[in-house]
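Colleague: coordinates only, sequence not included:
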């Protein structure tokens, strides 16, 4: 059901994704769906959070120690699949819909903190050193920007070259 | 009219922005609006392109020579105002609406090339040197990611620290 909600949101956007559409996609009755998720906002925020946690778990299982480039690739991959597409639809809808706004803002903050902590662990860097925290934040901002650039066209060839270069910049800066 | 279209798109999103809403906001008749822009797609793609060109012009008038930090700040500012918010609504709508898709894809490609060329000029760097092109591309991806992070909350304090740090890293890498 939650996987179906993310798939529908990624494919049809917020206005095309109703509880009925998701229940049908998941092969459950509308009544059962509404029993678990009384509102559309409940269903889609829960779905994006669940799938994000699944993705984070997979990322934490990256064989250690991974090189900087492998870590940057794995982080960027978080933002170039259906989950990011679904989350983007939810963020953009939340910017205009008052009943969605505060919940999505909370969700975004939690997901952002979690991804940041994971990035620091995977890169094996010490945030107490000046500049390290902001370096990692900027890397995740770049990853989100790469996700956006992949929304309308397949940006993978350009992305690969950007990732290779930025992994080099990070390596120089973080290993100093 | 075009400024009004961008304002409406930023404030109400794609589904809340019709030609009628924009005509009313701009104080022109619906007939006059439809004479100039026969379809809703015509109006909104023209509006985003026009306002983007206005913003680019302002950026090219940055007093030269500007330091790396000032240039990074000016580039990031392109993605944190109402224009980026409007463009984001248009991109996301285009990812699900077949009649909007190809036009917005073309517009995004033109705007991306133009911004990249401007960034190279403002930074005063030579793209023939290996890695420079991808460094600048990554910077613009980061700027778009920072725009996204500003969608639901005021992210300006965090953004300022990220910009300061990455301006330093870019300075080291580009001036080598």
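Modeller: Sure thing, it's come through. As the structure is a prediction and not an experimental result, all values here were calculated from the model.
Colleague: Residue ranges in chain A under the pLDDT threshold?
Modeller: Along chain A, segments meeting pLDDT under 70 span A:64, A:176.
Colleague: Where is the longest helix in it?
Modeller: In chain A, assigned by DSSP state H, the helix with the most residues is helix A:101-123.
Colleague: Can you give me the buried ones in it?
Modeller: A:101, A:103-105, A:107-108, A:111, A:115-116, A:118-119, A:122-123 (16 or more other C-beta atoms under 10 Å in any protein chain shown). Any C-beta I mention is one placed from the backbone N, CA and C, and that applies to glycine too.
Colleague: Please name the nearest non-neighbouring residue to residue A:99.
Modeller: Spatially, and ignoring its direct neighbours in sequence, residue A:99 is nearest to residue A:41 (6.1 Å; C-beta to C-beta, 6 or more residues apart in numbering or on different chains).
Colleague: Now do the host helix or strand of the one you found: everything it contacts.
Modeller: Element membership for residue A:41, per DSSP states H and E: helix A:40-60. Residues from elsewhere that reach helix A:40-60 (C-beta atoms under 8 Å, 6 or more residues apart in numbering or on different chains): A:1-3, A:5-6, A:9, A:14, A:17-19, A:22, A:33, A:36-37, A:74-75, A:78, A:83, A:86-87, A:90, A:99-100, A:103-104, A:107, A:110-111, A:114-115, A:118, A:121-122.
Colleague: ok, 6 Å please
Modeller: By C-beta atoms under 6 Å, 6 or more residues apart in numbering or on different chains, the list of residues contacting helix A:40-60 from outside reads A:2, A:5-6, A:19, A:37, A:74, A:78, A:83, A:86-87, A:90, A:100, A:103, A:107, A:111.
Colleague: that older thread, after the longest helix of chain A comes which helix or strand?
Modeller: According to DSSP H and E, the helix or strand after helix A:101-123 is helix A:132-149.
Colleague: and that following helix, how far from the chain's centre?
Modeller: From the chain centre to the centre of helix A:132-149 is a distance of 12 Å (C-alpha atoms, centre = their mean, to the nearest Å).
Colleague: does any part of that helix sit near chain B?
Modeller: Yes: using C-beta under 6 Å from any C-beta of the partner chain, helix A:132-149 reaches chain B at A:134-135, A:137-138, A:141-142, A:144-146, A:148.
Colleague: that older thread, for the longest helix of chain A, packing partners?
Modeller: helix A:40-60, helix A:68-77, helix A:82-94 (3 or more C-beta pairs under 6 Å, 6 or more residues apart in numbering or on different chains; DSSP states H and E).
Colleague: Just send those helices back as a markdown table, with mean neighbour count and distance to residue B:165 too.
Modeller: A markdown table is the format used below for the helices and strands packed on helix A:101-123 (neighbours: other C-beta atoms under 10 Å in any protein chain shown; distance: least, C-beta to C-beta, whole Å):
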| stretch | mean neighbour count | distance to residue B:165 |
| --- | --- | --- |
| helix A:40-60 | 18 | 24 |
| helix A:68-77 | 20 | 17 |
| helix A:82-94 | 23 | 24 |
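Colleague: Now do the helix holding residue A:41 against helix A:68-77: the angle between them, please.
Modeller: Helix A:40-60 runs at 170 degrees relative to helix A:68-77, counting by axes from the mean of the first three to the mean of the last three C-alpha atoms, to 10 degrees.
Colleague: Next, the angle helix A:101-123 makes with helix A:40-60.
Modeller: Using the same axes, to 10 degrees: helix A:40-60 against helix A:101-123 is 0 degrees.
Colleague: thinking again about what came up before, for the residues of helix A:132-149 next to chain B, which one is nearest residue A:160?
Modeller: The shortest gap between residue A:160 and any of the residues of helix A:132-149 next to chain B belongs to residue A:146, at 10.2 Å (C-beta to C-beta).
Colleague: Please list all residues in contact with the closest one.
Modeller: If you count contacts by C-beta under 6 Å, 6+ apart, then residue A:146 has A:76, A:159, B:141 around it.
Colleague: circling back to that earlier point, who wins for proximity to residue B:170 among the helices and strands packed on helix A:101-123?
Modeller: Per C-beta to C-beta, nearest to residue B:170 of these: helix A:68-77, 16.5 Å.
Colleague: tell me what the closest one is packed against?
Modeller: helix A:101-123, helix A:132-149, helix A:156-174.
Colleague: got the contact list for that helix?
Modeller: By C-beta under 6 Å, 6+ apart, helix A:68-77 touches A:59, A:62, A:119, A:122-123, A:143, A:146, A:163, A:167, A:170-171.
Colleague: And for stretch A:2-18?
Modeller: Under C-beta under 6 Å, 6+ apart, the answer for stretch A:2-18 is A:21-22, A:25-26, A:43-44, A:47, A:50-51, A:82, A:85-86, A:89, A:93, B:15, B:96.
Colleague: 7 Å instead, please
Modeller: A:21-22, A:25-26, A:40, A:43-44, A:46-48, A:50-51, A:82-83, A:85-86, A:89-90, A:93, B:15, B:92, B:96 (C-beta atoms under 7 Å, 6 or more residues apart in numbering or on different chains).
Colleague: again, but for stretch A:128-141
Modeller: A:72, A:75, A:115-116, A:119-120, A:123, A:125-127, A:170, A:173-174, B:142, B:145-146, B:149, B:158, B:161-162, B:165-166, B:169.
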